[in-house]
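*Asks:* fold the following for me, if possible:
(2 chains)
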Protein chains: 2
Amino acid sequence: MAQLRIALAQTNPTVGDLAANADKLVAWTRDAAERGAHLAVFTEMFLTGYPVEDLVLRTSFVDASIRTLEEVARRLRDEGLGELPVVVGYVDRAGLAPRVGQPKGAPLDAAAVLHRGEVVARTAKHHLPNYGVFDEYRYFVRGDRLPIFRLHGVDVAVAVCEDLWQDGGPVSVVGQAGAGLLVVPNASPYEKEKDDVRLELCHRRAREAGCALAYVNQVGGQDELVFDGDSIVVDGAGRLLARAGQFAEELLIADLDGLPVSDAEPGTVPYDAGDGSTITVERVVLSNDPVEPYEPEPARIAERLDLHAEVYSALVLAVRDYVAKNGFRSVILGLSGGIDSALTATIAADAIGPSRVNVALMPSRYSSDHSLTDAEELVRRQGVTARVVPIADIVNAYEKEIELSGLAAENLQARVRGMLLMGLSNQHGHLVLTTGNKSELATGYSTLYGDSAGGFAPIKDVPKTMVWELARWRNAHTLPGFLLAAERPIPEDSITKEPSAELRPDQRDTDSLPPYEVLDRLLDDYVEKDMGSQELIAAGHDPELVTRVIRLVDLAEYKRRQYPPGPKITPKNFGRDRRLPITNRWRETTT
Amino acid sequence: MAQLRIALAQTNPTVGDLAANADKLVAWTRDAAERGAHLAVFTEMFLTGYPVEDLVLRTSFVDASIRTLEEVARRLRDEGLGELPVVVGYVDRAGLAPRVGQPKGAPLDAAAVLHRGEVVARTAKHHLPNYGVFDEYRYFVRGDRLPIFRLHGVDVAVAVCEDLWQDGGPVSVVGQAGAGLLVVPNASPYEKEKDDVRLELCHRRAREAGCALAYVNQVGGQDELVFDGDSIVVDGAGRLLARAGQFAEELLIADLDGLPVSDAEPGTVPYDAGDGSTITVERVVLSNDPVEPYEPEPARIAERLDLHAEVYSALVLAVRDYVAKNGFRSVILGLSGGIDSALTATIAADAIGPSRVNVALMPSRYSSDHSLTDAEELVRRQGVTARVVPIADIVNAYEKEIELSGLAAENLQARVRGMLLMGLSNQHGHLVLTTGNKSELATGYSTLYGDSAGGFAPIKDVPKTMVWELARWRNAHTLPGFLLAAERPIPEDSITKEPSAELRPDQRDTDSLPPYEVLDRLLDDYVEKDMGSQELIAAGHDPELVTRVIRLVDLAEYKRRQYPPGPKITPKNFGRDRRLPITNRWRETTT
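*Replies:* Have a look, this model is predicted:
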């Protein structure tokens, strides 16, 4: 029986910045070495960042990935870190002949083992996810090798991300071939309460592989995706040994004990992977002698965030990284006095600090008094930078040139506000944040080029009822890393008052939509669960409402296509996970 | 040896309108029967339309597809058409147990044979395309059956679309099992000069299958896709027997002669498909007796359109169908006097007639005299409905509230125009057409929410140099189906003058961009061919320009994400075929 101290690098890489990611690999490996680790494991495609989408189809990009891997291996050795093996994800290529439909260059979602300046083993993801946010049949070809490297007498196998989620394949082969530890680099995007699923999966696959399992996950925002970290170590019986926190970088150290010492012969052996394919195990030996017995450190098992803390943290991280990774220094948004813009401002202030958040108060002839006072109260509490820009004269100038009434006139006001924000953005370099929520986006209750104009939509995937919940939660809680000092940052009036777009006299959201608690339940069943109209009615939804809401949702597709990106927090957000033809005559209710 | 008259229904279905598609199936089958056909073949997923994207994940939708198939089989019999076998595409399900990553309900891209009121055979696409515009691993599971039905003594096999493009699979099994005719329903989207590739493919696969081949393709616009028809019949030696026209519905009749008479036993036999899978051939007999010998009709072999006629026809059809299928009655666009808006107006007038095309002339303080006169000249020639809306007072109203200079002030003017068009659209129900071309879109030389505001972008995938070519071509040619009577619909001045956005005094496109003939060649190599910077320089492009243009293209991704849909005519249009992370630090030129 042997011991090993492993270090899981739960990191936030930047897509495309191979040099910075390589620097981070070296720095974190040094950290792991200083903490006495025998093995450091980085995330899936760490050197390139994940996901890279069409970049992977460029020869130059794949060349750079492979070159960076080899360079960083040498650099680790040159900086005195060569004795500490590193597992890291990158992009490689399979070297297959081109054929119809195969991604150009046959790229691989690869991982390598670096040791003493060399790349001593390479593997690639076997199961390619092509559902939800994943399109990997478009980008990669399958891997069919499973490296098992001997480290201080312990056999360590490497599999990548999706290979853990699917039956058959690498995990099944580890069970047949035998190993002491399975390490799995991941880039597994956040979804509400996914951490429960993930832990159960690690339990189950560790038992199936018959060995300890170390799961290391990316953290950070990347366009519409947020990665939550939540790295996990379980032993061969599936017992939780260590767990990292959520939504923050962390080097998770875990001491493994009682690992089997192996004397399997090095070389290659093919195995039936149980999924109709063959996977070749490649055994290499780095070191046979177990480490001297040592006193294990107590491992960290981070507490889980509750639902609201989790979602709010995801939104803060998404905004922070979108701003930073795209090179912005500040944001701007329209502050109406309502709850959506109040929550968006608060998230932004928590993400990048109130001094970098600009708000425009843009009252119209239909704005009520409390709109301005509620907005001003938020400015006072948070210390964001505010300016007032009345829109009446601009609206009048349009109406002198063309005659607009009804919805066209309402939309005009929203658009004048959108264009003012874009003008201020272009003039001063602020990123425009839109403030629409998922319930509005779903039903099309928004103005194209009006309130939907902007660069990033922080609450795009948050239903209105959860907007209120998050506002109440944030007024009662704070977490380390939030940059807003204010005690109760959101004015209570903004939370409690009845929602209105204020685009005509005495307008209320309920003039056009059912109450949000009714609407959100129906949207959840229709959008997230893909229930048809008969199922929705059977589930207790009002038949008239089912017809009306399905129609709204299906017709709003064209608006959603032009909405800015925003962080995904549910299984089916509209940016990446739900795709309807715009030209579509199908109505659930026609059946 | 036997004869058969086959009818290929090159049709334009509407996605989601199952009732209308079924009606069309009955009407066209009647037509085929009246013309003496022994077999009618419709396109891939004809009953549902193609592509249906996430609709296929709804139980209710798949139920409706299967029910519609069975109903239409009975209806054909009830209307006296039951003796004429019909091959038609629809959506079915595989009945597999759910597993991670498998599309909900395990849908099949299916085809069926209808005869005497019954569904007598079913099959489904075996090779699922997941490249270019296709995401079929997301939507379908693989078929593994190949029906061969005996019709008047001739064995007829059925395969679906992609099965023709891939090596191995159904075509290889037809070659092994033996058949007299292979019929292939398709929904194969248009790309420039794809017809040459398609004919060569039919030649080759007919020889591989060892039998005649009938390829029937969808026609019509569907969001960003245009289907060009171009249905083809070749004999067993690969010789072209019949070919339908492009971009129009057509019932193509072909008389086949010298077909082998089969006495193979009915029943099921598994075959090695040569691609690692097994495909089961299912033979059924509809009729053993060859038809009485008859005099064949001369088959139509439609002439091919040349490149410009082809592209222009694709754009006209795309606009016509987007307008009609989305329930619009009219369009509106801004007419600047420049070539892009002139061509867009002309395409629209050819698509839906000049009386349904509205144009707004929106001069600013920087508009030159010829802008207004060139625009007015187009209005005079074409008879579209025009109004003049000066923007100066509106721009002034904004500038009284916020200070804007440089690019921010230029963008404001473009946005005021965009908002005027959207206002007129909302007030009168017109669909707004944007007028941006692919060169602008690629380099980000456009204003978000300005000239990019609208519902459909007809020349989104047309490079600027081709915009000029198409304008010259249209001034010299017309084709049946174009609705514009004018002889030379586009003012010569709009074609020959130097391009300018006219957003500041004496502005020229060449202030910001290289000459378009240089730019378009570079964009073609970078965007369509995915060449890296070293390859581009090696291909003779100016190194400084390569750096500059790559930077422009990569940074414009966030604008393109919010661009309206538009017809795809090249391998890599920005709507569906090129996907970069917005948050991306990779620059080709950093290597």
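*Asks:* which residues touch the residue positioned nearest the centre of chain A?
*Replies:* When chain A is reduced to its mean C-alpha position, the closest residue under Cα atoms, centre = their mean turns out to be residue A:226, at 1.7 Å. Taking Cβ atoms under 8 Å, 6 or more residues apart in numbering or on different chains as the criterion, residue A:226 is in contact with A:189-190, A:220, A:247, A:314, A:317-318, A:567-569. Bear in mind the C-beta positions are built from the backbone N, C-alpha and C, glycine included.
*Asks:* am I right that it falls within a strand?
*Replies:* Yes: with DSSP: H, G, I helix; E, B strand; the rest coil as the criterion, residue A:226 is part of a strand.
*Asks:* isn't residue A:570 right next to residue A:520, touching?
*Replies:* No: using Cβ atoms under 8 Å, residue A:570 is not in contact with residue A:520; the gap is 11.4 Å.
*Asks:* which residues are common contacts for the two?
*Replies:* Overlap between the neighbourhoods of residue A:570 and residue A:520 is empty, taking contacts as Cβ under 8 Å, 6+ apart.
*Asks:* just to revisit the earlier point, filter the contacts of residue A:226 down to just the ones in strands.
*Replies:* The strands in this structure, assigned by DSSP state E, contain residue A:220 from those.
*Asks:* show me where the stretch 51-200 of chain A has strands.
*Replies:* Using DSSP state E, counting those that start in this stretch, the strands of the stretch 51-200 of chain A run over residues A:86-93, A:107-115, A:118-124, A:145-151, A:154-158, A:181-186.
*Asks:* now the stretch 401-550 of chain A
*Replies:* Per DSSP E, counting those that start in this stretch, the stretch 401-550 of chain A has strands spanning A:431-432. These are given in chain order.
*Asks:* who in the stretch 251-400 of chain A is up against chain B?
*Replies:* Contact residues (Cβ under 8 Å from any Cβ of the partner chain) of the stretch 251-400 of chain A with chain B: A:276, A:321-322, A:325-326, A:389-391, A:393-394, A:396-398, A:400.
*Asks:* change it to 7 Å
*Replies:* Residues of the stretch 251-400 of chain A lying near chain B by Cβ under 7 Å from any Cβ of the partner chain: A:322, A:325-326, A:389, A:393-394, A:397-398, A:400.
*Asks:* the stretch 451-591 of chain A now?
*Replies:* Where proximity means Cβ under 7 Å from any Cβ, the interface of the stretch 451-591 of chain A facing chain B comprises A:453, A:455, A:530, A:532-534, A:558, A:561-562, A:564-565, A:578-586, A:588, A:591.
*Asks:* filter these down to the buried ones and hand me the ChimeraX line.
*Replies:* Selecting in ChimeraX just the buried members of those, where the criterion is 16 or more other Cβ atoms under 10 Å in any protein chain shown, is done with this command:
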select /A:453,455,530,532,533,534,558,561,562,564,565,578,579,580,581,582,583,584,585,586,588
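*Asks:* so which of the residues of the stretch 451-591 of chain A next to chain B belong to helices?
*Replies:* With helices defined by DSSP state H, the entries of those inside them are A:533-534, A:558, A:561.
*Asks:* helices along the stretch 51-200 of chain A, start to end?
*Replies:* Per DSSP state H, counting those that start in this stretch, the stretch 51-200 of chain A has helices spanning A:59-78, A:136-139, A:162-165, A:170-177, A:194-209. These are given in chain order.
*Asks:* need those in a markdown table (columns: distance to chain B and mean neighbour count).
*Replies:* What follows is those, written out as a markdown table (distance: least, Cβ to the nearest Cβ, whole Å; neighbours: other Cβ atoms under 10 Å in any protein chain shown):
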| stretch | distance to chain B | mean neighbour count |
| --- | --- | --- |
| helix A:59-78 | 3 | 19 |
| helix A:136-139 | 4 | 24 |
| helix A:162-165 | 5 | 24 |
| helix A:170-177 | 13 | 24 |
| helix A:194-209 | 10 | 18 |
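*Asks:* okay, the ones you listed in JSON lines with distance to residue B:382 and mean pLDDT next?
*Replies:* Conversion of the helices of the stretch 51-200 of chain A to JSON lines gives the following (distance: least, Cβ to Cβ, whole Å; pLDDT from 0 to 100):
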{"stretch": "helix A:59-78", "distance to residue B:382": "47", "mean pLDDT": "97"}
{"stretch": "helix A:136-139", "distance to residue B:382": "42", "mean pLDDT": "96"}
{"stretch": "helix A:162-165", "distance to residue B:382": "55", "mean pLDDT": "92"}
{"stretch": "helix A:170-177", "distance to residue B:382": "64", "mean pLDDT": "96"}
{"stretch": "helix A:194-209", "distance to residue B:382": "57", "mean pLDDT": "92"}
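*Asks:* in TSV: these, plus distance to residue B:305.
*Replies:* Supplementary listing: the helices of the stretch 51-200 of chain A in TSV, determined by distance: least, Cβ to Cβ, whole Å:
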stretch	distance to residue B:305
helix A:59-78	35
helix A:136-139	31
helix A:162-165	45
helix A:170-177	51
helix A:194-209	52
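*Asks:* for residue A:108, find the nearest of those.
*Replies:* Evaluated with Cβ to Cβ, the helices of the stretch 51-200 of chain A place helix A:59-78 nearest to residue A:108, the distance being 9.0 Å.
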